[in-house]
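> give me the fold of what follows.
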Amino acid sequence: MRGVSRASLEEVTRRLDAVLESANAATLGHELFEVVSLLEQEHSLRRWLADQANPAESKSGLIGHLLESKVSPATIIVVSDIVQAKWSGTRDLVDAVEQAAVFATVAGVEGEQRLGELEDELFRFGRIVAAEPGLRSALTREGVAAEHKRTLVENLLSGKAGSATLALISQVVTRPRGRTLEQGIDHFGRLVAERAQRYVAVVRTAVPLSGAQQERLRNVLTQVYGRAIHLNIEVAPEIVGGLSIRVGDEVIDGTVAGRIAEVRRRLAG
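Have a look, this model is predicted:
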């Protein structure tokens with residue numbers, strides 16, 4: 001988000017933190033995801049709510065009327081704050097509700113200082129799906145009931161991942177919002193990292209890195225980016241040697257395979 005939407009997102013996130021102090025975080029996260037689904041389905045509603053020409057009080061009143069008796073008071077407060085803010089477009093408004101849902105879902109994890117484990121669980125699930133075409137097909141196939149997909153995710157992760165991980169992956173699988181499965185997992189992973197006030201570095205290496213090597217790499221990247229770094233490491237023998245590091249949209253390719261590919265591009269040019 002940029003401009004007015006960025007400023008609004010910062011404000012509604014600050015107000016969300018105040019609500020989370022007394023709300024049931026898991027319930028709030030679940031209900032906010034339900035609101036995301038509602039807004040995705042109701043095109044006219046989300047356009048009206050995002051229209052800056054409409055009075056903020058009217059938007060809040062409409063949301064209160066629609067959600068009353070269906071969700072907790074905390075959810076109505078958060079959604080009212082969001083719809084009263086100014087957004088550059090409908091997508092930004094719905095994204096703000098989704099981000100609030102993710103932040104609420106992981107709020108309990110924050111208290112247990114398990115955000116790093118949650119990031120790892122999301123990343124590992126993404127790698128498993130990438131390596132199992134049959135599983136990916138089962139989770140993304142159109143026409144399959146959302147409940148069936150949710151049950152499959154629960155069976156896969158039961159006893160292997162935390163409740164927040166299960167909730168986020170279930171959301172990605174059942175309500176992708178136009179994202180691929182991989183994009184959805186990556187997006188939620190970045191939001192978790194943002195909540196932890198750090199960046200995620202996806203590191204591809206030909207051989208496993210020792211604990212000391214990981215710590216040195218983490219320290220170097222922290223100095224470069226000026227923010228704490230969480231490492232997601234993928235062993236990929238096909239890169240031959242060196243490291244490939246992606247932080248957001250920036251890629252640092254120091255692999256042998258990358259250098260060979262660059263030479264081939266130059267020769268072809």
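
> where in the stretch 1-150 of the chain is pLDDT low?
Along the stretch 1-150 of the chain, segments meeting pLDDT under 70 span 110-113.

> other residues contacting the helix or strand containing Ser170?
If you go by DSSP states H and E, Ser170 is part of helix 163-174. Outside helix 163-174, the residues that touch it by C-beta atoms under 8 Å, 6 or more residues apart in numbering are 26, 29-30, 33, 101-102, 105-106, 108-109, 118, 121-122, 125, 139-140, 146, 149-150, 153-154, 157, 161, 179, 181, 184-185, 188, 192. In this view, the C-beta of every residue, glycine as well, is placed from N, C-alpha and C.

> CA atoms of it as PDB?
The C-alpha coordinates for helix 163-174 follow below in PDB (Å, rounded to 0.1, in the frame of the first residue of the first chain):
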ATOM      1  CA  SER A 163      -3.200 -23.700  15.900                       C
ATOM      2  CA  ALA A 164      -2.200 -20.300  14.300                       C
ATOM      3  CA  THR A 165      -0.300 -22.100  11.500                       C
ATOM      4  CA  LEU A 166      -3.300 -24.300  11.000                       C
ATOM      5  CA  ALA A 167      -5.700 -21.400  10.800                       C
ATOM      6  CA  LEU A 168      -3.500 -19.400   8.400                       C
ATOM      7  CA  ILE A 169      -2.900 -22.300   6.000                       C
ATOM      8  CA  SER A 170      -6.600 -23.300   6.100                       C
ATOM      9  CA  GLN A 171      -7.400 -19.700   5.100                       C
ATOM     10  CA  VAL A 172      -4.900 -19.800   2.200                       C
ATOM     11  CA  VAL A 173      -6.300 -23.100   0.900                       C
ATOM     12  CA  THR A 174     -10.000 -22.300   1.200                       C
END
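
> helix or strand right after that helix?
As assigned by DSSP H and E, the chain's next helix or strand after helix 163-174 is helix 181-195.

> what packs against that following helix?
helix 90-105, helix 115-131, helix 133-140, helix 163-174, strand 198-205 (3 or more C-beta pairs under 8 Å, 6 or more residues apart in numbering; DSSP states H and E).

> pretty sure Leu122 contacts Val192?
Yes. Contact between Leu122 and Val192 holds when scored by C-beta atoms under 8 Å: they sit 7.0 Å apart.

> helix, strand, or coil at Leu209?
coil (DSSP: H, G, I helix; E, B strand; the rest coil).

> out of everything not next to it in sequence, what's closest to it?
Spatially, and ignoring its direct neighbours in sequence, Leu209 is nearest to Ile233 (6.2 Å; C-beta to C-beta, 6 or more residues apart in numbering).

> can you give me the buried ones in stretch 28-40?
Buried residues in stretch 28-40, counted by 16 or more other C-beta atoms under 10 Å: Leu28, Gly29, His30, Glu31, Leu32, Phe33, Glu34, Val35, Val36, Ser37, Leu38, Leu39.

> same question, stretch 154-168
Per 16+ other C-beta under 10 Å, stretch 154-168 contains these buried residues: Leu156, Leu157, Ala161, Gly162, Ala164, Thr165, Leu166, Ala167, Leu168.

> give me the mean pLDDT for that stretch.
Across stretch 154-168, the average pLDDT comes to 91.

> how long is that stretch from one end to the other?
Taking C-alpha to C-alpha, to the nearest Å, stretch 154-168 runs 11 Å from one end to the other.

> again, but for stretch 61-79
End-to-end distance (C-alpha to C-alpha), stretch 61-79: 11 Å.

> buried ones in it?
Applying 16+ other C-beta under 10 Å to stretch 61-79 flags Leu62, Ile63, Leu67, Val71, Ala74, Thr75, Ile76, Ile77, Val78, Val79 as buried.

> mind putting these in CSV, distance to Asp253 and secondary structure included?
Formatted as CSV, these follow (distance: C-beta to C-beta, whole Å; DSSP: H, G, I helix; E, B strand; the rest coil):
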residue, distance to Asp253, secondary structure
Leu62, 50, helix
Ile63, 47, helix
Leu67, 48, helix
Val71, 46, coil
Ala74, 45, helix
Thr75, 44, helix
Ile76, 48, helix
Ile77, 46, helix
Val78, 41, helix
Val79, 43, helix
